[in-house]
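Q: Just need the structure, nothing else, for what follows:
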Amino acid sequence: MFKSLFTKQQQAIIFEAAAIIEAKAKTTAAITCPYTAATLCQTKLVGYEHEVFAVALLDSQNRLIEWVELFTGTINSAGVYPREVVKLVLAHNAAAVIFAHNHPSGITKPSESDKRITDKLSAALRLIDVNVLDHIVVGTEGHTSFAERGLL
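A: Reported below is the predicted structural model:
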């Protein structure tokens with residue numbers, strides 16, 4: 001699951017930290033800033049050696065309903081299907097979402113493909129009145145927030 005740059009002990013710590021952050025996000029008021037969202041995404045996705053596309057499903061108060069790792073890909077891409085995202089959002093009765101995926105290369109600069117799929121997903125979710133709050137790309141170098149960069 002994790003790149004070899006992490007020892008078994010570090011992998012266990014990262015896994016536990018991700019579980020703690022997810023549990024805390026489900027019991028706190030709301031995800032109100034990109035930093036909080038990025039921390040959740042970073043700990044959940046940074047260690048994969050293949051791309052994983054995840055969705056943080058939020059209620060109308062931006063509280064975490066569920067974190068779902070929806071699509072898994074290869075070392076440099078993951079197929080993302082708007083239909084499946086819409087089905088997931090409806091199944092959880094989410095009012096808003098935060099998308100996240102990792103770049104196993106470690107570089108967090110969004111690709112043109114990342115921008116296109118975010119636009120497609122945003123358009124699909126607008127049809128059912130669901131807000132896309134952010135798309136966060138994570139890597140070993142940190143993270144990039146579409147919201148912070150004005151890409152949404």
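
Q: any idea of the mean pLDDT in stretch 76-95?
A: On average, the pLDDT along stretch 76-95 is 96.

Q: again but with stretch 118-127, I slipped
A: The average pLDDT within stretch 118-127 is 98.

Q: so where's the protein shaky on pLDDT?
A: Filtered on pLDDT under 70, the chain yields the residue ranges 1-5, 21-30.

Q: what residue lies at the spatial centre of it?
A: Centroid-nearest residue in the chain, with Cα atoms, centre = their mean: Ala100, separated by 2.1 Å.

Q: Pretty sure it sits in a strand.
A: Yes - judged by DSSP: H, G, I helix; E, B strand; the rest coil, Ala100 forms part of a strand.

Q: Let's verify Thr74: helix, strand, or coil?
A: Thr74 ends up coil, using three-state DSSP.

Q: Help me confirm that it comes into contact with Glu51.
A: Yes - here Thr74 reaches Glu51: they are 6.7 Å apart, a contact under Cβ atoms under 8 Å. (Each C-beta comes from the backbone N, C-alpha and C, glycine too.)

Q: circling back: could you find the closest non-adjacent residue to the residue nearest to the centre of the chain?
A: Closest residue to Ala100 apart from its sequence neighbours, by Cβ to Cβ, 6 or more residues apart in numbering: Cys41 at 3.8 Å.

Q: ok, the one you found - contacts?
A: Ala54, Ala56, Ile98, Ala100, Ile136, Val138, His143 (Cβ atoms under 8 Å, 6 or more residues apart in numbering).

Q: Starting from whichever strand or helix holds it, tell me the next helix or strand along the chain.
A: Secondary structure from DSSP states H and E places Cys41 in helix 34-45. As assigned by DSSP H and E, the chain's next helix or strand after helix 34-45 is strand 52-58.

Q: Who does that following strand pair with, and is each partner parallel or antiparallel?
A: strand 64-72 (antiparallel), strand 96-102 (antiparallel) (DSSP bridges).
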